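Engineer: pasting the sequence and the predicted model now:
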Amino acid sequence: MKLNKKFIKQCMLATGMMGTTLMATLPVHADEEPIKIGVMLPYSGVYAGLGEAATNGLKQALKEHGNEIAGRPVEFMISDTEAKPARAPELTSAMADKDDADFIVGPVHSGVAMGMIKTIRNKDSIMIIPNAGANAATGAFCQPNVFRTSFSSWQTAYPMGSEAVDMGYKKVVTMSWNYGFGKESLEAFEESYEKAGGEVVKKIYVPFPNTEFQSYLTEIASIKPDAVFVFFAGGGSVKFVKDYDALGLKGKIPLIGSGFLTEGTIEAQGDSAEGLLTTLHYADTLDNPKNKAFREHYQSLYNKPADLYAVQGYDAGQLIIQAVEVTKGNTSDKDALIKAMEKVEIDSPRGAFRFSKAHNPIQNIYLRKVENGENVVVKTAASELSDPARGCRL
Amino acid sequence: MDMSLFLVQLLNGVQYGLLLFLIASGLTLVFGVMGILNLAHGSMYMIGAYLVYYFATVTDNFLFAVIIACLIAMLLGIVIERFLIVHLYKRDHLDQVLLTVGLIFIFNAAQSFIWGNDPLGVQVPSLLSSSIQITDIVEYPVYRLFVSVLCVAIAVAMYYIINNTKLGMMIRAGESNREMVENLGVNIGKLFTIVFAVGVTLSALAGIVSAPIVSLVPGMGERVLISCFVVVVIGGMGSIKGAFVAALLVGIVDTFASVLLPGMSSMTVYLLMAIILIFKPQGLFKS
C-alpha cells in the first residue's frame, strides 16, 4: 500500500470536520438578553454516554426552574469535545470569545479540562466542570473563574485507605491504568493507607486503554496480597471485574476500589460485581428526599435511570441558577457572580455541599457495597471531606 | 518467575495471540485475494459483539445468537461487497480507505443509535462457565480455553481449504495473478463476494466469541483494528500463515512484556514490529 502525503492530509481534514459545533437554542423571550450556557462535553467516542447524562442533568435543573433565571431566558450552545484534549483550546476560545458564553459547562475528560483551563484564564466566561477529576483543576491550576461540581480524584480514593486497614488488610497490591486519573487515585489511596499502617507491596500500571489483564492478574495471584485496590472506569472496569472473577481470584483476594469501578457498569459486570466495596461521593440508592425526587423526575424526562454524571450536570445547573438569582440576573459583573457562586450551598442529590476555597465541593464520601446489582451505601466513609488543593493560591 | 507461573503466562499469551489471529485472518485474506484494504474490519468485530449481545439477551440462547449473528454479518459482507466495494477494484487504495473509513463512522453511529453508549456485557454460556484449577490460587476459565480451541480449529480449516480445495486453488490463483484467473474463465466477481463475506464473518465471529470476555463499548472496533494491523504487517500483508505466526508472536511478547517490562509494555509490540520490518520489510511471510 502506498501512503502519500496528500492522502494523509485528506485523512486529517476528514477527521477535523467530524466535530462541528451544534447549536441548540431553547425558546427565547424576545425582551430579555438570554443567559448563554456553553456546553462542552463528549457526544461521540468512549465518553459519549457520560456527556449525554451530564447534559440531561444540566437541562433538567434548568427545566425545573422554568428555563429562565431572574427573568432572563437561557440559551444552550452545545459543542462536541469528542474527549480530545487537542481540540479543547480552540473550542474554548470559540465559546468564550465568539459566542460570548456566560458559563461553559464541561468537560468529562481531565486532559480536555487542562486544555480548557489554560485557555479560560483571563477570559470572561466562567467554567463549571461537571466531571473531570484531575486534582490540578482545583489544585495547582486553580483559577477564580473555574468551579467544579464533581470531585477531585484524591477525594474518591483517599477514604478507602483507612477503611482497608480497618478491614484488616495489611498488605495490598494497587493497580490502574497508567494515566492521570488512575495515578492520582492510587496515590491518594496509598497516602491514607500507609498513614494508617498498611503496606502497598506492588503497584501495577497498565498502559491506557489496554484491557488485556490476564497477565497482570496471574502475577497478582502469585503475590497473594490481603486485598487488591484498583481504579478502572467504564468498559475497562467491566472487563477487569469479569476477568478477576473468571480467574478465580474473587473469592480468595478481596477486590476494593474507587467508586468508578462499579458506576454505570454493574449490569454489564453481572454477578462478578456482587460484594465489591468502593468509595465515592454518590450512590444511586442514596436515601434522601432530594435524591428520590431528582431520580424520579430524570426517569420521567429521559426514560432511563439517572447516574452520577447526571447528578454532577444537574448540580452545575443548580450552581448557575442559584448564583444568578443572587446577582438578580446580572451576569456582566463577573467578580460579583464568582463571589455569589463561592457562597451558595447546593442541595445536591448526593447531599448538600459547599465549595472549598479552590472551588471544589466539600462533600461526603460513601462506602458502598454491590448488593443485588446495586451500589448500596454501607456508611459514610468520610464526612465533609475537602480536597487538600495542593499548589492552589486562591 | 517460577515454572508454573511461567507456563500460565505462556498460556495467557498463546490464548491472546489466537484471538488476535482470528480477528486478523479476515483482514489479511481480503487484502491478499482482492487487494482491498478494509479499514471497517474492526467495525465488523464490534457489530458481531453487539449482535450476539442483542440476540443472546432476547432469546436467552447463546448458540442460537451466535448463528444468527454470523448469518447477519455474512449478509452484511455480501451487501457491502456487491453495492460498495465492487466499484473500487480498479481504483487506488486511497479511494478504498475513504470508503471504508466512512463505513466505520456509519457503523459507530448505528451502534450508538441502536445500543447506546453505556458499556454492556454478555454472560458466558452456562455450559462453558466453569473453571479449571491450575495453580493453588489461579483458575482458568473453560470459556477462554474453548475460544482458543475454536481459533485453532478455524486456522486448520482455513489452511485445509486454501491448500486442498478448488475454492482454495482459485483464492491462491487470485492472489498471484488476478487477470490470468479471469481470462481462464473463473467468475472472479463471485469469488470476490465469497472471500469478502468470509473475511467479514471471521471478524464478526471474533467479536462474537470475545463478547463474553470483553466489555462492549463504543469504539471497541478501532482499538482492535490497530492490533490487527500490527499482526498483518508483521506477518506479511495477505499471508494467512504469516498472520498466524505473527499473532502468536504478538500475543506472547505482549503478555511477557507487561509482566517483565511494565514501564514500556505499551511500546514493546511496536518495537517488535519495527525490528522485524528492518530485516524483513515485507513482513515475515510475503505472499
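Structural biologist: Arrived safely, thanks for sending.
Engineer: report the rounded mean pLDDT for stretch A:79-89.
Structural biologist: On average, the pLDDT along stretch A:79-89 is 91.
Engineer: same check, this time on stretch A:218-238
Structural biologist: Stretch A:218-238 comes out with an average pLDDT of 93.
Engineer: same question, stretch B:8-20
Structural biologist: Confidence over stretch B:8-20 (mean pLDDT, whole number) is 93.
Engineer: is that stretch in proximity to chain A?
Structural biologist: Yes: judged by C-beta under 8 Å from any C-beta of the partner chain, stretch B:8-20 and chain A are in contact via B:Val8, B:Gln9, B:Asn12, B:Gly13, B:Gln15, B:Tyr16. In this view, the C-beta of every residue, glycine as well, is placed from N, C-alpha and C.
Engineer: which parts of stretch A:253-263 are buried?
Structural biologist: For stretch A:253-263, the buried set under the neighbour-count rule, 16 or more other C-beta atoms under 10 Å in any protein chain shown, comprises A:Ile253, A:Pro254, A:Leu255, A:Ile256, A:Gly257, A:Ser258, A:Gly259, A:Phe260, A:Leu261, A:Thr262, A:Glu263.
Engineer: just the ones in helices from the residues of stretch B:8-20 next to chain A, please.
Structural biologist: B:Val8, B:Gln9, B:Asn12, B:Gly13, B:Gln15, B:Tyr16 (DSSP state H).
Engineer: could I get the buried residue list for whichever strand or helix holds B:Ile104?
Structural biologist: For B:Ile104, the host element (DSSP states H and E) is helix B:93-115. Residues B:93-94, B:96-100, B:103-104, B:107-108, B:111-112 are the ones in helix B:93-115 that count as buried (16+ other C-beta under 10 Å).
Engineer: and which of the ones in helices among the residues of stretch B:8-20 next to chain A is nearest to chain A?
Structural biologist: Closest to chain A out of these is B:Asn12 (4.2 Å), distances taken as C-beta to the nearest C-beta.
Engineer: for the residue nearest to that closest one when sequence neighbours are not counted, give me its contacts.
Structural biologist: Spatial nearest neighbour of B:Asn12, excluding adjacent residues (C-beta to C-beta, 6 or more residues apart in numbering or on different chains): A:Gln214 at 4.2 Å. By C-beta atoms under 8 Å, 6 or more residues apart in numbering or on different chains, A:Gln214 lies in contact with A:Asp243, A:Leu247, B:Asn12, B:Gln15, B:Tyr16, B:Thr255.
Engineer: what pLDDT is listed against A:Gln214?
Structural biologist: 90.
Engineer: now swap in A:Met1 and tell me
Structural biologist: 40.
Engineer: and for A:Ala136?
Structural biologist: For A:Ala136, the predicted pLDDT is 95.
Engineer: my read is that it contacts A:Gly391, right?
Structural biologist: Yes: assessed by C-beta atoms under 8 Å, A:Ala136 is found in contact with A:Gly391 at 7.4 Å.
Engineer: per-residue pLDDT, the residue in the stretch 51-200 of chain A positioned nearest to chain B?
Structural biologist: Minimum separation of the stretch 51-200 of chain A from chain B (C-beta to the nearest C-beta) falls at A:Glu52, amounting to 6.7 Å. Looking at A:Glu52, its pLDDT stands at 93.
Engineer: centre-most residue in chain A?
Structural biologist: With distances taken as C-alpha atoms, centre = their mean, A:Asn131 lies nearest the centre of chain A, 2.5 Å away.
Engineer: in chain B, which spans are helices?
Structural biologist: Assigned by DSSP H, the helices in chain B fall at B:3-34, B:41-59, B:62-83, B:93-115, B:142-164, B:166-176, B:178-183, B:188-210, B:220-235, B:240-260, B:265-279.
Engineer: can you give me how far the helix or strand encompassing A:Ser383 is from the chain middle?
Structural biologist: Assigned by DSSP H and E, A:Ser383 belongs to strand A:374-385. A distance of 17 Å separates the centroid of the chain from that of strand A:374-385, by C-alpha atoms, centre = their mean, to the nearest Å.
Engineer: what strands flank that strand, and is each parallel or antiparallel?
Structural biologist: Next to strand A:374-385 in the sheet, as set by DSSP bridges, lie strand A:361-371 (antiparallel).
Engineer: mind listing what's buried in the strand it pairs with?
Structural biologist: Of all the residues in strand A:361-371, those buried under the rule 16+ other C-beta under 10 Å are A:Pro361, A:Gln363, A:Asn364, A:Ile365, A:Tyr366, A:Leu367, A:Arg368, A:Lys369, A:Val370.
Engineer: any regions of the stretch 151-287 of chain B where pLDDT drops low?
Structural biologist: B:287 (pLDDT under 70).
Engineer: let me redo that: the stretch 1-150 of chain A
Structural biologist: A:1-31.
Engineer: the residue in it that chain B sits nearest to: neighbouring residues, count only.
Structural biologist: Nearest residue of the stretch 1-150 of chain A to chain B, counting by C-beta to the nearest C-beta: A:Gly49, 3.4 Å away. For A:Gly49, the count of nearby residues is 23 (other C-beta atoms under 10 Å in any protein chain shown).
Engineer: that one is in what secondary structure piece?
Structural biologist: Under the assignment here (DSSP H and E), A:Gly49 is part of helix A:48-64.
Engineer: tell me the helix or strand right after that helix.
Structural biologist: By DSSP H and E, the next helix or strand past helix A:48-64 is strand A:68-69.
Engineer: okay, the angle between whatever helix or strand comes next after that next one and helix A:48-64?
Structural biologist: Sequence order places strand A:72-80 as the next helix or strand after strand A:68-69, per DSSP H and E. Interaxial angle of strand A:72-80 relative to helix A:48-64 (axes from the mean of the first three to the mean of the last three C-alpha atoms, to 10 degrees): 170 degrees.
Engineer: mind listing what strand A:72-80 pairs with, with the direction of each?
Structural biologist: Paired strands of strand A:72-80, with direction, are strand A:22-24 (antiparallel), strand A:35-41 (parallel), strand A:68-69 (antiparallel) (DSSP bridges).
Engineer: ok, which of those strands comes nearest A:Glu90?
Structural biologist: Closest approach to A:Glu90 among these is made by strand A:35-41 (11.0 Å; C-beta to C-beta).
Engineer: what residues of the closest one count as buried?
Structural biologist: Applying 16+ other C-beta under 10 Å to strand A:35-41 flags A:Ile35, A:Lys36, A:Ile37, A:Gly38, A:Val39, A:Met40, A:Leu41 as buried.
Engineer: make a markdown table from those residues and add distance to B:Leu71 to it.
Structural biologist: Formatted as a markdown table, those follow (distance: C-beta to C-beta, whole Å):
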| residue | distance to B:Leu71 |
| --- | --- |
| A:Ile35 | 54 |
| A:Lys36 | 51 |
| A:Ile37 | 48 |
| A:Gly38 | 47 |
| A:Val39 | 42 |
| A:Met40 | 43 |
| A:Leu41 | 38 |
